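S.K.: sequence plus the predicted model coming up.
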Amino acid sequence: MKKYSQKMLIYSIVLISAFSKINAQNNNDTIAALEAKQDSIMTTSVQKSKLNYKSLIIPAVFITYGVAGLTVKDLRQLNLSTRTEINEHQPARIKLDDYTQYAPGLIVYGLNLAGVKGKHNLRDRTIIYVSSQLITAAFTLPLKYMVKEERPDRSNTMSFPSGHAATAFSNAQFMFREYKDTHLWLSLSGYPFAIFTSVYRMLNDKHWLGDVITGAGFGILSTELAYWLFPRINNLLTGKKNKNQTSAMIMPFYQNKAVGIGFVKNF
């Protein structure tokens, strides 16, 4: 009986040891699977955050046109003839464009409050929106001081590019990106506000045609960059880092009364 008990004890120890090894292996397999899944999610996130170069074609064309309009004689003449045509109709001067530039962005938040959800939640959407506005300012403000293009009404030399048009189109592009996958027609409804804002900058004699076209280009570009940068900004805010991933950051800066935009990349 005593030998039988000893054998049972030995068998029990062997079984417990084997079970422990199996359980440990299962845990290791589970952890490995979870890590693989997390790496897959992070890889997918990085792939989705890649900049779609096709989306940069329109802003590149707009910006190129505006820059060319500063020196190309025919384009400068088009600026003058457009202003002359506008002034012949003596349009009423209104300041509604000061508010319509922000309308698409405000509508996005209003729609979300009403239950029409966009692509991102409140936190993520706000990070993207604020980033787009900062990038827009980083593009437009330094250029105004560098180019020193005189406004049509000769009030100052900060005509190029149009900050109102840039803000309006960055807001419209923000609305487009939030709703294009679920409510296509709704996503396009921000552009009429952007166009209205740009047209009234000319009707109010504050900008040339080339100014507002360039502003539109910078606005669209800024929002595209904001969406591309979001996963990287989010990782910085949450403390997450993928050791196999290179990171890049485009951020505006203000130093010694100079505004600009900087590019930093870690390998």
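M.R.: In hand now; what should we look at? Residues are numbered from 1 along each chain as shown.
S.K.: give me the next element, helix or strand, following the helix or strand hosting Phe193.
M.R.: Phe193 is part of helix 191-203, with elements assigned from DSSP states H and E. Downstream of helix 191-203, the first helix or strand assigned by DSSP H and E is helix 209-238.
S.K.: from the contact counts, what lies against that next one?
M.R.: helix 2-48, helix 57-68, helix 73-88, helix 122-147, helix 163-179, helix 191-203, strand 247-255 (3 or more CB pairs under 8 Å, 6 or more residues apart in numbering; DSSP states H and E). No exception for glycine: its C-beta is placed from N, CA and C like everyone else's.
S.K.: if we go to 7 Å?
M.R.: helix 57-68, helix 73-88, helix 122-147, helix 163-179, helix 191-203, strand 247-255 (3 or more CB pairs under 7 Å, 6 or more residues apart in numbering; DSSP states H and E).
S.K.: tell me how far the fourth one lies from the chain's centre.
M.R.: Between the centre of helix 163-179 and the centre of its chain there are 10 Å (CA atoms, centre = their mean, to the nearest Å).
S.K.: next: the fifth one.
M.R.: Helix 191-203 sits 21 Å away from the centroid of its parent chain (CA atoms, centre = their mean).
S.K.: and the angle from that helix to helix 163-179?
M.R.: 180 degrees (axes from the mean of the first three to the mean of the last three CA atoms, to 10 degrees).
S.K.: so which residue is dead centre in this protein?
M.R.: Centroid-nearest residue in the chain: Ala226, 2.2 Å away (criterion: CA atoms, centre = their mean).
S.K.: out of the helices and strands packed on helix 209-238, flag the one nearest Leu111.
M.R.: helix 163-179 (7.9 Å; CB to CB).
S.K.: against Lys206, how distant is the closest residue to Glu149 other than its chain neighbours?
M.R.: Nearest residue to Glu149 in three dimensions, chain neighbours excluded: Phe160, at 3.8 Å (CB to CB, 6 or more residues apart in numbering). Counting by CB to CB, to the nearest Å, the separation of Phe160 from Lys206 is 12 Å.
S.K.: looking at these two, which one has more neighbours?
M.R.: Phe160 (25 against 21; other CB atoms under 10 Å).
S.K.: rewinding a little: does the residue nearest to the centre of the chain touch Thr126 like I think?
M.R.: No - at 11.2 Å, Ala226 does not count as touching Thr126 under the criterion of CB atoms under 7 Å.
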